[in-house]
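Undergrad: sequence below, structure please.
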Amino acid sequence: MGFFNLFKQQQPLVDDPFFGTLRVMTFKQAENNYFEGKILFEPTQQLIKCMIDAEGDLPTAEQRAFYQRIQQDFPGSIEKAFDKIEKEFDEWKPGFKIGNFNDEFQIIYAHIPRTSVRPMEWDLTFHTYHAGGHDVTVLFKDDEPAEIVIDG
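TA: Coordinates of the predicted model:
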């Protein structure tokens, strides 16, 4: 342990009955507070990182239900974003086409918003090996993909 680590404040942990152990990230402006952790993404059976915008001391029942809905609606959400992902990748790799999404893109992250704010803006991030390996974030407004961001 380095000398300066003695002065670093550890962020507190909370145990949520649905999301499990989460780190609490707090700021001077409460609207910036969030929880972060890892959770099973059932459609792919992968452990992913998650960020949950804080509305209180724990994620809300509505946020838990929203995450369950993301998992249930996952195939439809990907179908809606499919053309937008191909179009964005075409900027990097002309003529790009997705063969099998589940083989080519691995979900690594989910952002769960405050459910009291409309429209609900949330996102899913995937890692892909295409074009040398990139992370692809699909930003949603309510149930519709609004923007695709590729970071490599």
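
Undergrad: out of everything not next to it in sequence, what's closest to Ile112?
TA: Ile52 (4.4 Å; CB to CB, 6 or more residues apart in numbering). All C-beta atoms are positioned from the backbone trio N, CA, C, and that covers glycine.

Undergrad: cross-check the contact I'm expecting between the one you found and Ile39.
TA: No. Shown here, Ile52 and Ile39 do not form a contact pair, counting by CB atoms under 8 Å, at 9.4 Å.

Undergrad: the more surrounded of the two?
TA: Ile52 (26 against 21; other CB atoms under 10 Å).

Undergrad: adjacent strands (with direction) for whichever helix or strand that one is part of?
TA: Per DSSP states H and E, Ile52 falls inside strand 46-53. If you go by DSSP bridges, strand 46-53 pairs up with strand 34-41 (antiparallel), strand 105-112 (parallel).

Undergrad: and of these, who's closest to Asp151?
TA: strand 105-112 (11.6 Å; CB to CB).

Undergrad: for Cys50, grab the count of nearby residues.
TA: Quick note: Cys50 (other CB under 10 Å) scores 21 neighbours.

Undergrad: from Leu22, how far off is it?
TA: 8 Å (CB to CB, to the nearest Å).

Undergrad: can you list residues touching both of the two?
TA: Both Cys50 and Leu22 are in contact with Glu36, Gly37, where contact means CB atoms under 8 Å, 6 or more residues apart in numbering.

Undergrad: mind listing what Phe101 touches?
TA: Taking CB under 8 Å, 6+ apart, we find Phe101 in contact with Ile78, Phe82.

Undergrad: need the phi and psi values for it.
TA: phi -50, psi -50 (degrees, to the nearest 10).
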